[in-house]
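# quick one: sequence plus predicted model below, questions after.
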Amino acid sequence: MRSVVLLSGGIDPVSGRPAPPAGEIAAIGLALSVGGAVGGLHAGAPVPALRQAAGHGLEQVDCLQGGGDAVAVLAEALFAAPPDLVLAGRQARGGEDSGMLPYLLAERLDWPLLSGVVAIGATAEGWLAVTIGLAQGARRPAQIRLPCILCAHDAAPAPPFVFDRARRAVLRVVPVTGEEGPGMVAVEGTERPYRARPRLIGTASGGGGTVLEHPDPAEAARVLRDHLRALGMLAPPREGAADA
Amino acid sequence: MRARRDPRAERARCLVPGGARPRLARAGEAVVGAGPRERAVISIEAPAFWVAVVVEAPDGRLDRWARQSVGAARVLAGAEGGVVALLAGTAGGDALGEAGADRVVPLDGGIGPDAMPEMMLAALAPFVPRHVVLAETPAGGDWARRLAARAGWPIQTGVEMLSARQAIRPVGGMRRERAAAPARVLTLPRDRVASHGGTRREGRWCPAPERPADRGRMRVGPVVTATAAGIPLAEAPFVMAAGQGVVDFERFHALSRLLGATEGASRVVCDAGLMPRAAQVGASGTVLDARCYLAFGIAGAPQHLQGLGKVEHVVAVNTDLHAAIVARAGLSIIADAQAVMPALLDLLREEG
Amino acid sequence: MRALIAGEIGGVALAAAVGWLVLLARWLRGRPAAGSWLAGLRHVPRRYLVDVHHVVARRPVAARMHALAAGGVLGGSVLALAAAVSGLGWSVWALVALAFGVGGMGALLAWRRRVPGTPPALSGGAFLWLPAALAAWCVGNGLAALFMAVGAPMTAIVGAVVLGGAGGVALLRLVELGPMRHALAGVAWLAGHTRPGRFAGDGRDTGLRPLDLAAARLGVLVPADFPGPVLASFDACIQCGRCEEACPAFAAGQRLNPKALIQILSGAMRVVPPPYAGRPAPMAPVLLGTGGMAQPIVGNVLHPDTLWACTTCRACVEECPMLIEHVDAVVSLRRGQTLMLGQVRDGAARVLEASRARAEPGGRDLAARGDALATLDVPVLAPGGETDILLWLGEGAFDARYGRTLRALVALMRRAGLRFATLGADEVDCGDLARRLGDEAGFQSLAAEAIAALKTRRFAKIVTADPHALHVLRNEYPALGGIWRVQHHTGLLDELVRDGRLRLERREGVRVAYHDPCYLGRYNGEIDAPRRLLDASCAGRVEMERHGMRAMCCGGGGGGPASDVDAVTRIPDLRMAQARAVGAGMVAVACPGCTAMLEGVTGPRPDVRDVAELVLAAVVA
């Protein structure tokens, strides 16, 4: 079994420093759990985040350098030497961040894709058993025909970072001649620094919230219930909907 | 990512314009929408264009996020357009009309993700929608990307601000954002666009599309739901935690079952063996990713608060007005947790 | 007769020398020592007689025992050999007898240490035989000397020599079993001590040494990864248990006993280690792996929790009469686990990841560090800017509680008319946590960034309220090219009070106990300035039993809270109990870590205030 993990030149959302996204680390963990040869694949120049990602368990990362559309470049590389399994994070960080790349790749290669994978099980007759993580801890078993693309759930177990592995990892530059494909359908628009916008209900409540001093227990219970309901944490009562 | 609070800017906001006098109230909640109202029903036969929204209602109930998705479709539809909801699940047309849908097309819930884009395309074909809105849930986000990839449509994922003319979404690792005209496909995070608060819509049922042929590339089993108690603490959306102020753990457990909350605890409680070590919240225990954290009898030691890093809503019940958690909480009730727990239990049981 | 005595004592001495060479051969299989190891032998007498005995003498009973036993055995043996070889007269033999007599008294005192009951920190086993072996050697050889002096019959002399010889053989056996090994290994360790700074200048050498990140093996995985002298230091342990009595992790029931740790490391060099008869680490399952110079240590003979329980407080190092560097050993092992294997505790992995991705172990936005001071408009020094004092805020600045301390400090500095500024968002984490958790790569990367940021600004000195940052900036950055004058805020405030720029008036109130931060006290020797400040600000200052250089840790150092190994009680709870025991109504602190740990003690307890807050409360116009 040969697995390829797709890596982005991730940057950290808080610091803006290079750092692999959690989903890609989880993807490496899934690939390692399958066993066999595991390599990294990146469309672009060798950037620092790749070495950090490799520290989680990759010996080599091939960097497809030379431009062109990422989907086309990756598809060509995967088509030339098809692995059994391609793994990716839920979405890259630092570029378009749309999470579309694995889907476009699957479309291009005509491979099946499953996302939200938290665990990989056994293979049998060209089928791979996986577990998909859904909201609120729900799980769904699935089987998928190989070769395929799997997007890791952020909560899939992350393999530890080992500096020794990171420093020894080979970032191999593979020159490619870029083909300008349709690939990602670009959205035009104006780009500017991110501005955090408050969510609809008292979000990011860093303080200064409502304080209710020494109410009687019944009053406290009523306020709690209404607040939890307003937050959507508590289903509305049977009689009718009072949800926002 | 939680928005960083810039205390300098916040301080400036607390002053009345032009003056050094502080405003009286510092924070409050912008609760959008109100209780149920009697409304007329708007039906529309041939709108200028259609906007589609894919709605998930696995348990037959439209949750807040689903309503917001329909609300987003309404924003894009404006006065001229109509909203067609593709329903994956079992909600009633009434609820969807209430939420703002003019038409409802049921989707076969049992279909696997591989065939989903074909089925959505078949359902959308009669409407030729200008936009398709989906919630950025695990399933919705997946369907949206499959649809965009299959149809070759432009997509904007995780739109944080939406109007009829532009959609703004973060790019570049959430360091930058891009404003553009709304794309063909949009996905919506929770609590970004208000649900529809206007006049109720018809929610007329339309025939279901034909089920597309399965491509035989994947088999998806049944969803195994986790009980609140079974959700890993780090993934749980609603955590209810006990601190030193909790003595009666029978009541605590009963309440958590009734609220559907996953149980957590402070370090002291775990040290004392009253709750398992795995329940410990904090820098040295589990760091939560919950939407809501309900803390009973927890003062909020610094290391405990570090465990609340990403929690959106903190609710505290604590006897000490000056406890650190009160400063972090959106709602604090200064009272004995031991007295409030049974009262809340009674109240919830009364409601049934 | 002289030949018999010379043969007996000489034979035992020769066997000891051979034994030393055998040990030396094993230690030499470790990494080469920095500098010439054996050339250090010339330092041994001074280091032994001054530095070792300075520590030993803190316990007079033990010191008397050791002075008598070691002095008697060594003096008697050397003199006897000299007398036997050179054939000196009766007076010298009498002197020999006297020396052995002294040694015999030492043996008696050694016996008294474990009789009627062995104190819990002392080891039993082979140690129970030590007084008898010493007594046999001293009494036998002493009697032989006495008989020589008085010209007793040959049979008496032969009998005495046989007794002495038996004692000698027993002592040699006790070298193999451990109790007497300290004498031989101690010589090698004192000669090649890895912190020569402890024997020069102010006697403080506490900074960790940088690691060459290009080396094939980073840190320690197997015994052969330790430098030779360090291996000798493990063999030099006499199992006196002073470290174990001082260790906060041991007291809290974590899986660490510094004495057992050193014995495990000593045993790890051997396929069949001698049995250990001291207290083990609490709750630690005994690992029965086979030792050897190339066998892994952690997980094989050493429980991983032992490593992560250490708060790097140096209490054990402070107490160790053999001057063993326990913390260096722990950090070396952690470096191996972290850098080579990525085997750290989950909580530690999180802070290390945040340190890499965000240059901040808590994962917070660097721009938010100054938020606690937002209302005070403290200037931010831009690159190329100049000020008098650069205020290093540290990790505590993110904590709302410690923000109060920083605001108090800033208020005092303002009042004294000082010119100061912060680095703003250019202040990255100093790297203390990464380094103590063994992530030397993370540390060096943070340090390089911090040093670069500091080098683009001009200032006279750095002031920080965080002793961990103080230690790193003052003692560990110089090796990486960052040399500045670094001062703790208590040192600065003390200066301001002394110079009359701040006037204090004592406030009446509850009794205040000062809790020394390990990284200010033991690591930097600063224990007086905070006390002077408290004496000038508070009416009733009391001392906890453990204070100053021998204070107990709060449990917050060395990544302890991040690693969070299992414990029976919490270290800060123990420390708070010590404050209560002396009737303190308030605990004064001088470190964000101590503040957080001690404030985390639940239930009714003394208040926790930083020295700066108490000084601010006492300041008068």
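Good, I have the coordinates.
# C-alpha only now, for contacts and for neighbours.
OK.
# what does chain C put close to chain B?
Neighbours of chain B within chain C, by Cα under 8 Å from any Cα of the partner chain: C:347, C:368, C:371, C:374-375, C:399, C:561-564, C:568-569, C:596, C:599-600, C:602.
# find the pair from the residues you listed with maximum spatial separation.
Across these, the longest distance by Cα to Cα is 42.2 Å; it joins C:375 and C:568.
# filter the residues of chain C next to chain B to the buried ones?
Among the residues of chain C next to chain B, those classed as buried by 16 or more other Cα atoms under 10 Å in any protein chain shown are C:347, C:368, C:371, C:374, C:399, C:561-564, C:568, C:596, C:599-600.
# what's near enough to touch the residue of chain C most remote from its centre?
Going by Cα atoms, centre = their mean, the residue of chain C most distant from its centre is residue C:153, 53.9 Å out. Shown in contact with residue C:153 (Cα atoms under 8 Å, 6 or more residues apart in numbering or on different chains): residue C:147.
# relative to residue A:71, how far out is it?
Separation of residue C:153 from residue A:71 (Cα to Cα, to the nearest Å): 103 Å.
# likewise for residue C:91?
Distance from residue C:91 to residue A:71, by Cα to Cα: 99 Å.
# of these two, give the one with the bigger neighbour count.
residue A:71 (24 against 14; other Cα atoms under 10 Å in any protein chain shown).
# and chain B, what are its domain boundaries?
Domain assignment for chain B, taken from automatic domain parsing, gives B:42-205, B:230-351.
# distance-wise, check residue C:587 relative to residue C:616.
16 Å.
# more neighbours, these two?
residue C:587 (27 against 21).
# wait, that one touches residue C:514, no?
Yes - between residue C:587 and residue C:514 there is a contact under Cα atoms under 8 Å: 5.8 Å.
# next up, the contacts around the residue nearest to the spatial centre of chain A.
Nearest to the mean C-alpha position of chain A, counting by Cα atoms, centre = their mean, stands residue A:90 at 2.1 Å. The contact partners of residue A:90, taken as Cα under 8 Å, 6+ apart, are A:23-24, A:99, A:115-116, A:151-154.
# which one among those residues sits at the bottom for pLDDT?
Lowest in pLDDT among those is residue A:154, which has 85.
# neighbours of residue C:519, how many?
Count around residue C:519 with other Cα under 10 Å applied: 24.
# who's in contact with the nearest residue to it once chain neighbours are set aside?
Nearest non-adjacent residue to residue C:519, counting by Cα to Cα, 6 or more residues apart in numbering or on different chains: residue C:467, 5.3 Å away. Neighbouring residues of residue C:467 by Cα under 8 Å, 6+ apart: C:488, C:517, C:519-520, C:590-591.
# if you drop the residues flanking it in sequence, what lies closest to residue C:288?
residue C:301 (6.2 Å).
# now do the contacts for that neighbour.
C:264, C:268, C:286-291.
# drop anything exposed from the residues you listed.
Here the buried ones among those, as counted with 16+ other Cα under 10 Å, turn out to be C:264, C:268, C:289-291.
# span of stretch C:245-261 from start to end?
14 Å.
# start and end of stretch B:310-323, how far apart?
OK, stretch B:310-323 end separation, Cα to Cα: 20 Å.
# hmm, it touching chain C?
No - for a cut-off given as Cα under 8 Å from any Cα, stretch B:310-323 has no contacts with chain C; the smallest distance is 11.2 Å.
# list the buried ones in that stretch?
B:310-321, B:323.
# secondary structure and pLDDT added to these, as a markdown table?
Output for the buried residues of stretch B:310-323, formatted as a markdown table (DSSP: H, G, I helix; E, B strand; the rest coil; pLDDT from 0 to 100):
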| residue | secondary structure | pLDDT |
| --- | --- | --- |
| B:310 | coil | 75 |
| B:311 | coil | 85 |
| B:312 | coil | 82 |
| B:313 | strand | 88 |
| B:314 | strand | 92 |
| B:315 | strand | 94 |
| B:316 | strand | 94 |
| B:317 | strand | 95 |
| B:318 | strand | 92 |
| B:319 | coil | 91 |
| B:320 | coil | 88 |
| B:321 | coil | 87 |
| B:323 | coil | 85 |
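# and which of those is nearest residue B:107?
Scanning the buried residues of stretch B:310-323 for proximity to residue B:107, where the rule is Cα to Cα, the winner is residue B:312, at 32.8 Å.
# just checking, the closest one touches residue B:328?
No - counting by Cα under 8 Å, residue B:312 sits too far from residue B:328 to count as a contact (10.2 Å).
# distance to residue A:36 added to the domains of chain B, as JSON lines?
What follows is the domains of chain B, written out as JSON lines (distance: least, Cα to Cα, whole Å):
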{"stretch": "domain B:42-205", "distance to residue A:36": "27"}
{"stretch": "domain B:230-351", "distance to residue A:36": "29"}
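# out of those domains, flag the one nearest residue A:159.
domain B:230-351 (16.9 Å).
# next up, the contacts around residue A:218.
Going by Cα under 8 Å, 6+ apart, the list of residues near residue A:218 reads B:340, B:343-344, B:347.
# low-scoring stretches of chain A, by residue?
A:178-187, A:201-208, A:238-244 (pLDDT under 70).
# taking it, what residue is nearest to chain C?
residue A:162 (4.4 Å; Cα to the nearest Cα).
# near the residue lying closest to that residue once chain neighbours are set aside, how many residues? Count them for me, please.
Excluding its sequence neighbours, the residue lying closest to residue A:162 (Cα to Cα, 6+ apart) is residue C:342, at 4.4 Å. Here the number of neighbours of residue C:342 (other Cα under 10 Å) works out to 23.
# ok, now residue C:60?
Neighbour tally, residue C:60, other Cα under 10 Å: 10.
# from chain A, how far off is it?
Between residue C:60 and chain A the computed distance is 48 Å (Cα to the nearest Cα, to the nearest Å).
# any idea which element the residue lying closest to residue C:66 once chain neighbours are set aside lies in?
Once flanking residues are discounted, residue C:66 sits nearest to residue C:106: 6.7 Å by Cα to Cα, 6+ apart. Residue C:106 is located in helix C:90-114, with elements delineated by DSSP states H and E.
# from the chain's centroid, how far away is whichever helix or strand comes after that helix?
As assigned by DSSP H and E, the chain's next helix or strand after helix C:90-114 is helix C:130-150. Offset of helix C:130-150 from its chain centre (Cα atoms, centre = their mean, to the nearest Å): 38 Å.
# residue ranges with poor pLDDT in chain B?
Looking at chain B by pLDDT under 70, you get B:1-39, B:352.
# secondary structure class of the residue nearest in space to the middle of it, three-state.
When Cα atoms, centre = their mean is applied to chain B, the residue found nearest the centroid is residue B:190 (4.2 Å). Following DSSP: H, G, I helix; E, B strand; the rest coil, the label given to residue B:190 is coil.
# name the nearest residue to it, sequence neighbours excluded.
In space, residue B:190 is closest to residue B:65, 5.6 Å off (Cα to Cα, 6+ apart).
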